[in-house]
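Student: For reference, the sequence and a predicted model appear below.
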2 protein chains.
Amino acid sequence: MNVTPWEVEGVIDYSKLIEEFGMQPFSEVLPEIDNPHILMRRGAIFGHRDYWRIIEAMRKKEPWAVMSGFMPSGLPHFGHKMTMDEIVWHQSAGGKAFVAIADMEAHSVRGLSWEKTRELGMLYIKSIIALGLREDAVIYFQSKSSHVKDLAFELSAEVNFSELRAIYGFNSDTSLAKMFVTAIQAADILHPQLEEFGGPKPVVVPVGADQDPHMRLTRDLAARISIFSFEPVEGGVRVRSRKGAEYLSSLRDLEFDKKIYEEHMDIFGEAEEIERAVRKIEVEIGGFAFIPPSSTYHRFTTGLTGGKMSSSKPESYISLLDPPEEGAKKVMKAFTGGRATAEEQRRLGGEPDRCVVFELYSFHLIDSDEELNQIEAECREGRLLCGKCKKMAAELVKSFLKEHQEKMEAVDLSNYTIIG
Amino acid sequence: MNVTPWEVEGVIDYSKLIEEFGMQPFSEVLPEIDNPHILMRRGAIFGHRDYWRIIEAMRKKEPWAVMSGFMPSGLPHFGHKMTMDEIVWHQSAGGKAFVAIADMEAHSVRGLSWEKTRELGMLYIKSIIALGLREDAVIYFQSKSSHVKDLAFELSAEVNFSELRAIYGFNSDTSLAKMFVTAIQAADILHPQLEEFGGPKPVVVPVGADQDPHMRLTRDLAARISIFSFEPVEGGVRVRSRKGAEYLSSLRDLEFDKKIYEEHMDIFGEAEEIERAVRKIEVEIGGFAFIPPSSTYHRFTTGLTGGKMSSSKPESYISLLDPPEEGAKKVMKAFTGGRATAEEQRRLGGEPDRCVVFELYSFHLIDSDEELNQIEAECREGRLLCGKCKKMAAELVKSFLKEHQEKMEAVDLSNYTIIG
């Protein structure tokens, strides 16, 4: 199994991924979430890091944000729709939404012209708005955000070539631009915590499982670039300074019980309150005080023809801009969980958990659990055969695409602030 | 001998440097220059690359520029004054002047805060203005120039880790920021040729000899990022496209005799005219069409105590902000080309070419050749002893510093545009 942001090979065992990468299973936090999205309920989102920060912020009605991005190197498809739906859901659950168009990545890694990345980027922006993104989102092209570019430079002082090689498999031939893009992406994730955007806050990044290396690096960088670090001690928090012990003196006036050592300070009280107070001071003295970003991980979208989606095989995915009839046709040709013959399927039943059509129903086309459960039951019992089922799905895809494209057409960008 | 932008060790043999690095001796172009600066006449500037481009542009009164930069990690001293004098001279000879404050380098490589780099940077800016820089210069802090930062990203796609390792001796532990700064510096040098600044033009970069690796890399990057390349053929120029042969079709309407091949085009006529016409078209179709930058190389400034100047030894150099009395005292303690005893010196004469005091006279303190020649003769003949000579130099340094600091004090920055 080889999962890096650049490639995904072989079949993915998600529980193994959770274990190996040190994520947490999303099922653990699901009961704490009000009105979870179908992608949460139905297991498309299978893992997370520190999602409890988001749940707590929601509960306490404290500021938090959701952030993710799209590389404009091809057309938006149902895989991107997952991330878009997640951003929109988190926005309506109270998070400030940040949407990046990763044009610097598309330009330098994929070689697209700026004009092309702009043109494609606008399609992603119109799509996520058509899917419900509200006006108070921060939508930006990386290449036009000074906040992101300048933060990327700061972060780039904290990472070296051997680390990039280990995380991304870079080698001596890797261009400096491709290396620098990793810092840009870390800045994408951390910049909602800049003072200009209200300072340190929990931020959740909904991504595909292959993006976890980015998340781990970004969490490390968030810590390295901030002044104070925290670790639990009995009854409180041990605070250290990464930038020299002299910074500890700025914490002397905090109204908590304290023990002051040469190289650290133990502060007694409620951990969360202490960290908040220390971060406030760090921002006052010019530090970043970043909170490690949270993340959710969704499954890879299976290609319609089985295996992985590939932009070089247009029949392997449905673009959100496919003509509706075209989208419907692709569904009709899709790889299903059906048996070799109709007779066999009537006898043994279908296998919805191996079926891309059922995946489409489950993650995109059918909101009602009752309806979905009925389809699943009829499939398993051999009462619903693939031909009929695909026709139903094709109709749903057709009307979804028609409606989506009409909404995209009707998007009024003048209500939105787009940095780009 | 180890000369990289990061270190200079041992004694420098300038003619060997010229040979090894493939520079040209400055003496070759000196006769072509009207009213050359004393640093040119007196051999402080010993080498160059493509300075003929500047001479031709001066002669034909075509646009050209001079560009150099200063890292604000310490106080400006007489070493920096050389570069400043060179920029000012080229500006008054008709070049558009660009002055970079390399705060991104000082911040990421030397670890200075942005506040500190800003404060120090302003001292360099006031110094070069006190030395005569006129208002129409472009003065900028790297961190505030979007032109430079965005061009750096474009250039960074054209260089990889193995090349940076070979040029700068970087290794796996080198931070990404330190790597990216090399692209920033290349962008410093090339950005005067952006359309926003009037498009492709000859640009001369006066630097210390240790900066030649930067120049070589930048010249390579200038070529790699541009579409068309040129090589001589009988009666004209062979033009190739680095970005795909399809670009050659945009040259079809050029009014020269042409032979069109599949992978290149031979264009007949005056080479310079052809290149200019091709570059014009490249800019029209969105390319950079950079002209390889020219450079001049000046000698390293010898430390007052012999050997190299070091910011950790304040007695080894005179800062332009030293109190005048302090500067004078440093001269009195300087290492000279004198003999062991006064008797010996009267008999054998002094050695001005090994004397830092004479270097000060020659490169900074004495404009009149007649006066300088007289001091040199009296020294060599043993008639001028070091004590008296140092006293004269100390007086000159004192009054220079006093006047310079008064001028700095009187600088009216409101007449200047500073990007920062």
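Tutor: On my side now, so go ahead. Since the model is a prediction, treat every value here as computed from it, not as a measurement. Numbering: from 1, shown residues only, chains lettered A, B, ... in the order given.
Student: So for the longest helix along chain A, what gets flagged as buried?
Tutor: If you go by DSSP state H, chain A has its longest helix at helix A:386-410. Neighbour-count burial for helix A:386-410 flags A:386, A:389-390, A:392-394, A:396-398, A:400-401, A:404-405, A:408 (criterion: 16 or more other CB atoms under 10 Å in any protein chain shown). Placement of C-beta: from N, CA and C, glycine included.
Student: Would you reformat those as CSV and include distance to chain B?
Tutor: Putting those into CSV (distance: CB to the nearest CB, whole Å) gives the following:
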residue, distance to chain B
A:386, 46
A:389, 47
A:390, 43
A:392, 47
A:393, 42
A:394, 40
A:396, 43
A:397, 38
A:398, 39
A:400, 38
A:401, 34
A:404, 33
A:405, 31
A:408, 28
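Student: pLDDT and distance to residue B:110 for those - can I get that in TSV?
Tutor: Shown next, in TSV, are the buried residues of helix A:386-410 (pLDDT from 0 to 100; distance: CB to CB, whole Å):
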residue	pLDDT	distance to residue B:110
A:386	93	66
A:389	95	66
A:390	96	64
A:392	97	66
A:393	97	61
A:394	98	63
A:396	98	61
A:397	98	58
A:398	98	61
A:400	98	56
A:401	98	56
A:404	98	52
A:405	98	54
A:408	98	50
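Student: end-to-end on stretch A:228-245?
Tutor: By CA to CA, to the nearest Å, the extent of stretch A:228-245 from end to end equals 10 Å.
Student: Please see if it touches chain B.
Tutor: No. Shown here: stretch A:228-245 not in contact with chain B (CB under 8 Å from any CB of the partner chain), separated by at least 9.8 Å.
Student: Going by neighbour count, list what's buried in that stretch.
Tutor: A:228, A:230, A:236, A:237, A:238, A:239, A:240, A:241.
Student: Can you tell me what sits against it?
Tutor: For stretch A:228-245, contacts defined as CB atoms under 8 Å, 6 or more residues apart in numbering or on different chains pick out A:223-224, A:226-227, A:247-248, A:251, A:256-257, A:262-269, A:271, A:274-275, A:278-279, A:282, A:287, A:289.
Student: And those, which of them are buried?
Tutor: Neighbour counting by 16+ other CB under 10 Å classes A:223, A:226-227, A:247-248, A:251, A:256, A:264-267, A:269, A:274-275, A:278-279, A:282, A:287, A:289 among the contacts of stretch A:228-245 as buried.
Student: now, which of those lie within helices?
Tutor: Using DSSP H, the buried ones among the contacts of stretch A:228-245 in helices are A:223, A:274, A:275, A:278, A:279, A:282.
Student: residues touching the fifth one, list them.
Tutor: In other words, residue A:279. Taking CB under 8 Å, 6+ apart, we find residue A:279 in contact with A:200, A:228, A:289, A:291.
Student: what does the domain assignment say about chain A?
Tutor: Domain assignment of chain A by the TED database yields the ranges A:2-225+A:292-298, A:228-285, A:324-410.
Student: right, and residue A:193 touches residue A:200 too?
Tutor: Yes. Using CB atoms under 8 Å, residue A:193 makes contact with residue A:200 at a distance of 4.9 Å.
Student: so what sits against both of those two?
Tutor: Common neighbours of residue A:193 and residue A:200 (CB under 8 Å, 6+ apart) are A:288, A:289, A:290, A:291.
Student: backbone phi and psi for the residue lying closest to the first one once chain neighbours are set aside, please?
Tutor: If the residues on either side of it in the chain are set aside, residue A:288 comes closest to residue A:226, at 5.0 Å by CB to CB, 6 or more residues apart in numbering or on different chains. When read as degrees, to the nearest 10, the backbone of residue A:226 gives phi -90, psi 160.
Student: residues from chain A in reach of chain B?
Tutor: Counting by CB under 8 Å from any CB, chain A comes close to chain B at A:104, A:107-108, A:113, A:143, A:146, A:149-150, A:153-154, A:156-162, A:164-165, A:170-180, A:182-183, A:286.
Student: before we move on, the earlier item: which residues sit in contact with the residue nearest to residue A:288?
Tutor: With CB under 8 Å, 6+ apart, residue A:226 has these contacts: A:242, A:282, A:287, A:288, A:289, A:290.
Student: Save the ones in helices among the buried ones among the contacts of stretch A:228-245 as JSON lines, and put in pLDDT and distance to residue A:211 too.
Tutor: Listed next are these as JSON lines, based on pLDDT from 0 to 100; distance: CB to CB, whole Å:
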{"residue": "A:223", "pLDDT": "97", "distance to residue A:211": "19"}
{"residue": "A:274", "pLDDT": "97", "distance to residue A:211": "32"}
{"residue": "A:275", "pLDDT": "96", "distance to residue A:211": "26"}
{"residue": "A:278", "pLDDT": "98", "distance to residue A:211": "30"}
{"residue": "A:279", "pLDDT": "97", "distance to residue A:211": "26"}
{"residue": "A:282", "pLDDT": "97", "distance to residue A:211": "28"}
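Student: Roughly how far does the residue of chain A most remote from its centre sit from chain B?
Tutor: Centroid-distance maximum for chain A: residue A:343 at 42.5 Å, with CA atoms, centre = their mean. The gap separating residue A:343 from chain B is 56 Å, by CB to the nearest CB, to the nearest Å.
Student: part of a helix, is that residue?
Tutor: Yes. Under DSSP: H, G, I helix; E, B strand; the rest coil, residue A:343 sits within a helix.
Student: okay, the residue of the stretch 1-150 of chain A found nearest chain B: pLDDT?
Tutor: The nearest approach of the stretch 1-150 of chain A to chain B comes at residue A:108, 4.8 Å away (CB to the nearest CB). At residue A:108, the model reports a pLDDT of 92.
Student: what's the answer for residue A:11, then?
Tutor: 58.
Student: Just the closest of the shared contacts of residue A:193 and residue A:200 to chain B, please.
Tutor: The closest of the shared contacts of residue A:193 and residue A:200, once distances to chain B are taken by CB to the nearest CB, is residue A:288, at 12.9 Å.
Student: What is the burial count for that closest one?
Tutor: When counting by other CB atoms under 10 Å in any protein chain shown, one arrives at 22 neighbours for residue A:288.
Student: could you pull out the strands for the stretch 101-250 of chain A?
Tutor: Under the criterion DSSP state E, counting those that start in this stretch, the stretch 101-250 of chain A contains strands at A:138-141, A:203-208, A:228-233, A:236-241.
Student: Just checking the distance from the third one to the centre of its chain.
Tutor: Okay, so that is strand A:228-233. In this view, strand A:228-233 has its centroid 27 Å away from the chain centroid, taken as CA atoms, centre = their mean, to the nearest Å.
Student: and that strand, which strands flank it?
Tutor: Strand pairing for strand A:228-233, using DSSP bridges, gives strand A:236-241 (antiparallel).
Student: Give me the mean pLDDT for the partner strand.
Tutor: pLDDT averaged over strand A:236-241 gives 97.
Student: by contact count, what packs against the next helix or strand along the chain from that strand?
Tutor: Remark: after strand A:236-241, the chain's next helix or strand is strand A:257-260, criterion DSSP states H and E. Contacts defined by 3 or more CB pairs under 8 Å, 6 or more residues apart in numbering or on different chains; DSSP states H and E place strand A:257-260 against strand A:264-268.
Student: Residue ranges in chain A under the pLDDT threshold?
Tutor: A:1-11 (pLDDT under 70).
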